[in-house]
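output the structure for:
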Amino acid sequence: MASPTLFLNSVAFLPSSSYPSSSPFLLAVSFRSVCFRNRALLNRCSVASRSASAAGPGGDPYAARFQSLRVLEWDQLCDSVASFAGTSLGREAAKARLWSLDQTYEASMRLLGETNAAVEMHRHGGFSLDFSGIDAALVKSVIQYARRDSPMSGHEAIAVASLLQFADTLQLNLRAAIKEDADWHRRFMPLSEVILEFIVNRALIKLIQQVLDEDGSVKDSASPLLKRSREQVRMLEKRLHELMDKLMRNDRNESSFQEVSNVNGRWCIKSGMDKLTNLNGLLISSGSGNGNIIEPLAAIPLNDELQPARGLVAKAEEDVLLMLTKKMQMDLDETEILLNSIIQLDMINARAAYSLSYGGTCPDLLLLEEKSRLLDTETSLSEHKISKSSNSMEWTLFLPKAYHPLLVQQHRLNLRKARKDLSSAAAEIGRRKMGAGMSIKGESEIDIVALKERVSALEQAKPVAADFFISRETKVLVITGPNTGGKTVCLKTIGLAALMAKSGLYILAAESVRIPWFDSVFADIGDEQSLSQSLSTFSGHLKQISDIQSKSTKQSLVLLDEVGAGTNPLEGAALGMSLLESFANGALLTIATTHHGELKTLKYSAAGFENACMEFDEVNLKPTYKILWGIPGRSNAISIAERLGLPGTIVNDARELYGSASAEINELITDMEKYKQDFRELQRDSQSYLMLARELHRKLLTARRRIEEQRIAQKNKMFREISEAAAVARSMLHKRVREFRASQVQRFQPIGVKTSPKSLAVKRQQSIDEDSKDLVQRKSTIPSEPLKQSSLDLLCCRVIWNGFQCPQDINRCIGKKIPIVMSFIVNGGM
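Have a look, this model is predicted:
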């Protein structure tokens, strides 16, 4: 188990030197302030990015980075991930960890390993990773009070018991899973080590459960003194209740109302009107229309006796809680370490739960050299990698069917709200129908229909996935296309994917995700669709790009939206070309969107450039949000104007002013797009044929293997049947030879009176018939299929019995693959 200081360094945002090792909870206290400082810094960066004053190299080194995170809306994604944490300290720790983007490649791989382990625990199904039942903040305050020798309350003791019991249950479940299959220990690493090193004070759990109820109240059985004190209090309260009831019955007045009241722990009688009663006692309060409160004289002794009795109860309860505090102080450091570990697990589980909830994929995080060559990634989690095709290995960035996480989240929220509104409206209409006893027509039905249409529309209008395939040779990608075509969403999707992979989150994409590790992600996006940012000026863009230029490294990702826009088109295009050529030599990967046609030509004049465009459906006049790779985008303004019904003369004049050369370029781009689409169709067909051929080849190999197995089985079966037939024949031959030799001996002996040659011949024939029947019976008992050699075996026996008078029959035996029969005949003949 790592020390508390080491654990907190893994979730800290501030440098570890800021915290003394003896105060590990200072970080937990700082989580909320860290998040507030980050938000405040983002706001300051927003103002600084628009400032025209030149800060120079001595400016804020984090301004460009945090401004980039703001335009990428990274704070919203952090809030979404943190919402999956079960404890308040876990949510704060998750936000602090996600905001700490200064981790190395090895640290990012460790974060992914932790997330993978938590995902495996979820898929195992034998673990309860619901941390919502733990009040981590309350346990933290208990530890602080315990260090000052202050007794904890009953609720705080129950919170401590819940923490210890949860940790104990989690550890027992892990041990059970490892006992069932030892491989789970490896698959749950590194979380399995953290959980197995839990030090749980089970005696403290048992003690708390013995002396406290579930609501935190101290049980009567906690101590003999408490039991006696409470019994005395109950006895006095019972006597007071009986006394008050008797006094109120004796002083019953129909015109007044009386009830028992408790004033500062003393039993009194309160009358409902400002009238004097016949009760003798002390007037506690009166007037103002609130009635009179009187403490009867007969109740004063009992009230005087009740106060010290209650004091004894409070003292006894405090002694019990102080005893629990003393017991907890014996293992206070271990409890503190356990709390830190639980916060860490809650933070890791939040990342895993978010990744599973949105169907993310574990990325293959790559570390690239300056020359875009893969470094040795042996430290990667090979057991969690997904088998990748050879095509995916050709790309530096391979994100098939990638989604913008915030768009997916917003779509889910809208769909959930629409379904809830529909359910509520249906329930309300049903309630009205039941109340009115008749059907309600008109506006209510129209609302239901509109809500159903909204739900149906949201179910169909799902976010569109985009494919991102960037080769190793590409240093700058230029994306062109119409406005509202999805270029900015593509930039944000790639930027958020890079940040998610670096922070240990799964990427919302299909399988086989590959993405480089970037030390920083810089973005200059003037997004009119974002509610968090107004339009930026040209000077503000240049200031942000200048900061990015000075802060980016050979391991950075740079995202530029509408580069060179906001000024004279010729000057903007020249400036954009110069900036992209500069970033091609200064950043690992640069992705830029533009409307300047001059930037499309960089692919043909400089190495490391690639073009892509957003597809546009000219028939329906709307974007498809799909990317066409390797093709520069073309202008659609004149075509769209013509389809929208603009007069033909205006359209023709616009085409003439636009120029024939530009029209030819557009026609060329159109042909390229057509060829690209045809190529994709042919590629899909070839892939389907290739898959079909592979499937047929697999089936042929399977059939070949089965035929070979059948041949071997038939061969073994034939050999087995021949061996069994030969064994039967050998047994019969042994018997015949013995009988033959015995008959030869008897031939030379004198024949008895009762024995004649004729009788001997009859006996021989009977013996041959019996042997034939016995042979047939033995052949029928062979489990395998007989070779139908019964007649041949009988023939062999007759040949031997007759003294080998028929050599041709013996040859037939040999020809029928019974060589052992012939061998035995020769030996017998000897």
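
only C-alpha atoms for contact and neighbour calcs from this point on.
OK.

list the buried ones in stretch 304-312?
By 16 or more other C-alpha atoms under 10 Å, the buried positions in stretch 304-312 come out as 306, 309, 310, 312.

and the first one, which of the three is it?
If I follow you right, that is residue 306. Here residue 306 is recorded as helix under DSSP: H, G, I helix; E, B strand; the rest coil.

so it sits against residue 236, correct?
Yes: shown here, residue 306 and residue 236 form a contact pair, counting by C-alpha atoms under 8 Å, at 6.3 Å.

do a quick rundown of the strands in the protein.
For the chain, the strands defined by DSSP state E cover 258-263, 266-271, 281-285, 293-296, 364-366, 395-402, 466-471, 476-480, 514-516, 520-524, 556-560, 589-594, 609-617, 622-629.

out of those strands, which is closest to residue 126?
Minimum separation from residue 126 across those (C-alpha to C-alpha) falls at strand 364-366, 27.6 Å.

what is that closest one packed up against?
Under the contact criterion of 3 or more C-alpha pairs under 8 Å, 6 or more residues apart in numbering; DSSP states H and E, strand 364-366 touches strand 514-516.

show the average pLDDT along the strand it packs on.
Strand 514-516 comes out with an average pLDDT of 91.

tell me what that strand is packed against?
So strand 514-516, by 3+ C-alpha pairs under 8 Å, 6+ apart, packs with strand 364-366, strand 395-402, helix 487-502.

rerun that using 7 Å as the cut-off
strand 364-366, strand 395-402 (3 or more C-alpha pairs under 7 Å, 6 or more residues apart in numbering; DSSP states H and E).

contacts for that strand?
363, 364, 365, 366, 367, 368, 396, 397, 398, 399 (C-alpha atoms under 7 Å, 6 or more residues apart in numbering).

grab the nearest non-local neighbour of residue 151.
Excluding its sequence neighbours, the residue lying closest to residue 151 (C-alpha to C-alpha, 6 or more residues apart in numbering) is residue 322, at 4.7 Å.

could I get the pLDDT score of that neighbour?
Taking residue 322 on its own, its pLDDT is 87.

what's the burial count for it?
Close neighbours of residue 322, defined as other C-alpha atoms under 10 Å, add up to 18.

correct me, but it touches residue 153?
No: contact status for residue 322 versus residue 153: not in contact, 9.0 Å apart, counting by C-alpha atoms under 7 Å.

got the CA positions of stretch 476-494 in CSV?
Output of stretch 476-494 as CSV, limited to C-alpha atoms (Å, rounded to 0.1, in the frame of the first residue of the first chain):
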residue,chain,number,x,y,z
VAL,A,476,-0.9,19.1,-41.6
LEU,A,477,-4.5,18.3,-42.6
VAL,A,478,-6.6,20.9,-44.4
ILE,A,479,-10.3,20.5,-44.2
THR,A,480,-12.6,22.5,-46.5
GLY,A,481,-16.3,22.5,-46.9
PRO,A,482,-19.5,24.6,-46.6
ASN,A,483,-20.6,26.5,-43.5
THR,A,484,-22.5,24.4,-40.9
GLY,A,485,-21.0,21.4,-42.6
GLY,A,486,-19.4,20.0,-39.5
LYS,A,487,-15.8,21.2,-39.8
THR,A,488,-15.7,22.7,-36.3
VAL,A,489,-17.3,19.7,-34.8
CYS,A,490,-14.6,17.5,-36.4
LEU,A,491,-11.9,19.7,-34.8
LYS,A,492,-13.5,19.5,-31.4
THR,A,493,-14.0,15.7,-31.7
ILE,A,494,-10.3,15.1,-32.4
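
give me the buried positions along that stretch.
Neighbour-count burial for stretch 476-494 flags 476-482, 485-494 (criterion: 16+ other C-alpha under 10 Å).

any weak-confidence spans in the stretch 51-200 of the chain?
51-61 (pLDDT under 70).

which one of the buried residues of stretch 304-312 sits closest to residue 593?
Using C-alpha to C-alpha, those come closest to residue 593 at residue 310, 76.6 Å.

from residue 294, how far out is the residue nearest to the closest one when sequence neighbours are not counted?
Of all residues not flanking residue 310 in the chain, residue 233 sits nearest, at 6.4 Å (C-alpha to C-alpha, 6+ apart). Residue 233 sits at a distance of 22 Å from residue 294 (criterion: C-alpha to C-alpha, to the nearest Å).

what do you get for residue 334?
55 Å.

residue 606 too?
99 Å.

more crowded one of these two?
Using other C-alpha under 10 Å, the more surrounded residue of residue 606 and residue 294 is residue 294, with 23 against 11.
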